[in-house]
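Visitor: got a predicted structure plus its sequence, pasted below:
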Amino acid sequence: MFLPEFPVCFPFSICNDRFVRSVRHSCLVAGMFLTGTIFTSFPCTVGSARAEPATAESATPVGVAGVRKGNMPFVLSELGTVIPIATVTVQTRLDGYLTQVLFTEGQEVKKDDLLAVIDPRPYEAFLKQYEGQLAADIAQLDEARMDDARYQKLLRRDAVDAQTAQDQHYKVQQLIGTVKSDQGLVDTYKLDIEYCHIRAPVSGRVGIRAVDRGNYVTAAQSGGLAILTQMKPISVIFTVPQDRLGQVRELPVEAWDSADAEKLATGKVSSLDSEVDTSTGTVRLRAIFDNPDEDLFPNQFVNAHLLVETEQNVLLTAASAIQTGPDGSFVYVVQADSTVKAVPVKTGISQGNTVVIMSGVREGDRVVISGVDRLHDGARISIPADNTSAAP
């Protein structure tokens, strides 16, 4: 209680220290009396309340799936790349002006279709020149042969010098060489005229044109005229682990899109690489696809699925039911009293959200697939109606 610090003054103006201390003492006693009365009227409840007894463990809502028997296909899925069987850069084999371009970008062409023409007139002129020279040299050869035959007759009669007859024979041999040289030049220019007509080496699709008509082109110039890609059939190259080599030879292959959501085409393994990649322990494979609708496009990424084998009459359940603990894999099996039991299991191959259970559970068991983070061995559970599903 707060007591005033100033002296109490009485009518007779007597301020006595003893009297003041007496008054303060009286006030203090009165304050203590009032405080005791208050505490008596409102008893303290601190520490008097007792904790309520713990209630029984509440049930945890979970989702469950059944364990059933069925067949499990083992599909090996590997990332692959679509590679054309033939990709050709259409090149010119000689120099000249490009006078005709007979294809359009993106056009499907057949083998030996005419794609472009280089001005053939200079080569035709050279061809005529060497054909004339060939004819002249052939005539000289015929004349030399006749002379050689006459000298041989005269030599047998000793009517001509032996050296003269021999020189004539050598002249025939020289002219034979000249004629062969002329014939080679004629054949060369005939081939050049043929090379002026650029044809498709394979069937496929022509890409973006690199050179327009009217340009001067040279033999084997960079980029060529265009890129010609064979689309049908087409191949997919992918890798498989070296341990699977004996299982994948000549297997059917399915090509799925990069998201692994849509099947694009079906083909077959055609060849294996000649060696194992030591850095990855894998081997490259090539699968061939007919690709009639051109769903596979060069350099496209796809997922290659190979059906290696199918396990018959095995136990299957949802892969999300498999938990990992210190002792390995286990599942929570639902008991008859709405509790769960942690059961160790041994798993086999898996495909999507389905896994093979090799041991630990029986057909017809129900296992927890969701809500497992709040469970322990013996935990009580509840199963909402919409959280019960069959095994995949």
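Guide: Noted; the coordinates are in hand.
Visitor: my read: Ile176 touches Gln140, true?
Guide: No - with contact defined as CB atoms under 8 Å, Ile176 does not reach Gln140; the gap is 10.5 Å. Where you see a C-beta, it was placed from the backbone N, CA and C, and this is true even at glycine.
Visitor: now do the helices in the stretch 101-250 of the chain.
Guide: Along the stretch 101-250 of the chain, the segments classed as helices by DSSP state H, counting those that start in this stretch run 121-156, 162-195, 245-248.
Visitor: list the buried ones in the next helix or strand after the shortest one?
Guide: What that stands for is helix 245-248. Where DSSP states H and E defines the elements, the next helix or strand beyond helix 245-248 is strand 252-256. Under the neighbour-count criterion of 16 or more other CB atoms under 10 Å, strand 252-256 has Val253, Glu254, Ala255, Trp256 buried.
Visitor: which among these gets closest to Val302?
Guide: Nearest to Val302 among those is Ala255, at 4.6 Å by CB to CB.
Visitor: and the gap between that closest one and Ser203?
Guide: For Ala255, the distance to Ser203 (CB to CB, to the nearest Å) stands at 21 Å.
Visitor: next one: Gly214 from Ile193, what distance?
Guide: Distance from Gly214 to Ile193, by CB to CB: 20 Å.
Visitor: looking at those two, which one has more neighbours?
Guide: More crowded of Gly214 and Ile193, by other CB atoms under 10 Å: Ile193, with 18 against 9.
Visitor: contacts only, for the more buried one.
Guide: Ile193 is in contact with Pro120, Tyr123, Glu124, Leu127, counting by CB atoms under 8 Å, 6 or more residues apart in numbering.
Visitor: pretty sure Asp295 sits in a helix.
Guide: No - counting by DSSP: H, G, I helix; E, B strand; the rest coil, Asp295 falls outside a helix, being coil.
Visitor: hmm, it is touching Leu264, no?
Guide: Yes - counting by CB under 8 Å, Leu264 is a contact partner of Asp295 at 4.5 Å.
Visitor: any idea how far the spatially closest residue to Glu108 that is not a sequence neighbour lies from Glu294?
Guide: Nearest non-adjacent residue to Glu108, counting by CB to CB, 6 or more residues apart in numbering: Arg205, 5.6 Å away. Going from Arg205 to Glu294 by CB to CB gives 8 Å.
Visitor: give me the common contacts of the two.
Guide: Met231.
Visitor: with neighbour numbers in mind, choose between the two.
Guide: Set side by side, Arg205 and Glu294 show more neighbours around Arg205, with 19 against 12, by other CB under 10 Å.
Visitor: can you pull the contacts of that one?
Guide: Shown in contact with Arg205 (CB under 8 Å, 6+ apart): Gly106, Gln107, Glu108, Val109, Leu228, Thr229, Met231.
Visitor: just those now: which is nearest Tyr170?
Guide: For the contacts of Arg205, the closest approach to Tyr170 (CB to CB) belongs to Leu228, at 52.5 Å.
Visitor: show me how the record splits this structure into domains.
Guide: The chain resolves into domains spanning 1-44, 63-73+312-389, 76-84+227-311, 89-224 when parsed by automatic domain parsing.
Visitor: how long is the last one end to end?
Guide: When you say that, I think you mean domain 89-224. 6 Å (CA to CA, to the nearest Å).
Visitor: show the average pLDDT along it.
Guide: Across domain 89-224, pLDDT averages out at 94.
Visitor: can you check the third one too?
Guide: Averaging pLDDT along domain 76-84+227-311 yields 91.
Visitor: just the terminal-to-terminal distance for it.
Guide: End to end - CA to CA - domain 76-84+227-311 spans 14 Å.
Visitor: run the chain-centre distance for that domain.
Guide: Put simply, domain 76-84+227-311 sits 10 Å off its chain's centre (CA atoms, centre = their mean, to the nearest Å).
Visitor: again with the last one
Guide: Counting by CA atoms, centre = their mean, domain 89-224 is centred 50 Å from the centre of its parent chain.
Visitor: ditto for stretch 360-375
Guide: Mean-position distance between stretch 360-375 and its chain equals 35 Å (CA atoms, centre = their mean).
Visitor: thought Val372 was touching Pro61?
Guide: No - at 11.7 Å, Val372 does not count as touching Pro61 under the criterion of CB under 8 Å.
Visitor: of these two, who's got more company?
Guide: Regarding Val372 and Pro61, a neighbour count based on other CB under 10 Å identifies Val372 as having more, with 19 against 13.
Visitor: for the more buried one, give me phi and psi.
Guide: Backbone torsions of Val372, given as degrees, to the nearest 10, read phi -80, psi -20.
Visitor: the one 10 residues further on now?
Guide: Recorded main-chain torsions at Ser382 are phi -130, psi 150, according to degrees, to the nearest 10.
Visitor: contacts only, for it.
Guide: Ala59, Thr60, Pro61, Val62, Ser338.
Visitor: before we move on, what about Ala304?
Guide: Taking CB under 8 Å, 6+ apart, we find Ala304 in contact with Ser77, Glu78, Leu79, Gly80, Val236, Phe238, Val253, Glu254, Ala255, Trp256, Ala287.
Visitor: Gly328: which of the residues you listed is nearest?
Guide: Using CB to CB, Ser77 is the member of these that lies nearest Gly328, at 25.4 Å.
Visitor: in whichever strand or helix holds that closest one, what's buried?
Guide: Element membership for Ser77, per DSSP H and E: strand 68-83. Across strand 68-83, burial judged by 16+ other CB under 10 Å covers Met72, Phe74, Leu76, Glu78, Gly80, Val82.
Visitor: nothing else from me, thank you.
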